[in-house]
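[1] this one's sequence-less:
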Ligand SMILES: [Zn+2]
């Protein structure tokens, strides 16, 4: 993740079935075990996203502006976090991975033709 300059990573992306996501923050990597979004703002905003699982493709999609999340940290402590902006977006993206959802699932088909073929 660091090498590819990603902002987040979820267990399923590295062949792990554990419910863990790692988020790159300015204070260093933040690991969240069993993250659960407990609250989502009504307000949504558009933003551009990419994904390490889908290299070289970026799309614009709406995410909740603010979320509350509960997770277990690396010290096995339960943490409640209120996130907004980019952090909220990254958490929503990564929690989706845990549920088998990719951001392109939200994007309209017309944009998908730009997706690089394997
Ligand atoms: Zn992703």
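    Thanks, I have the structure now. Quick caveat, the model's predicted, so the values are computed rather than measured. Numbering: from 1, shown residues only.
[2] From the chain's centroid, how far away is the longest helix anywhere in the chain?
    Ordering each helix of the chain by length in residues (DSSP state H) puts helix 85-98 first. On the basis of Cα atoms, centre = their mean, to the nearest Å, helix 85-98 is displaced by 3 Å from the centre of the chain it belongs to.
[3] What residues of the strand ranked longest in the chain count as buried?
    Criterion DSSP state E: the longest strand present in the chain is strand 28-40. Using 16 or more other Cβ atoms under 10 Å as the test for burial, strand 28-40 gives 30, 32-33, 35, 37, 40. In short, each C-beta sits where N, CA and C put it, glycine included.
[4] what about residue 49, neighbour count?
    Taking other Cβ atoms under 10 Å as the criterion, the count of residues near residue 49 is 21.
[5] So that it lines up with my notes, have the first residue be 629 from now on.
    With 629 as the first residue, the last one maps to residue 677.
[6] Locate it within the secondary structure: which element?
    According to DSSP states H and E, residue 677 maps onto strand 672-679.
[7] now that strand and helix 713-726, what's the angle there?
    Here strand 672-679 runs at an angle of 60 degrees relative to helix 713-726 (axes from the mean of the first three to the mean of the last three Cα atoms, to 10 degrees).
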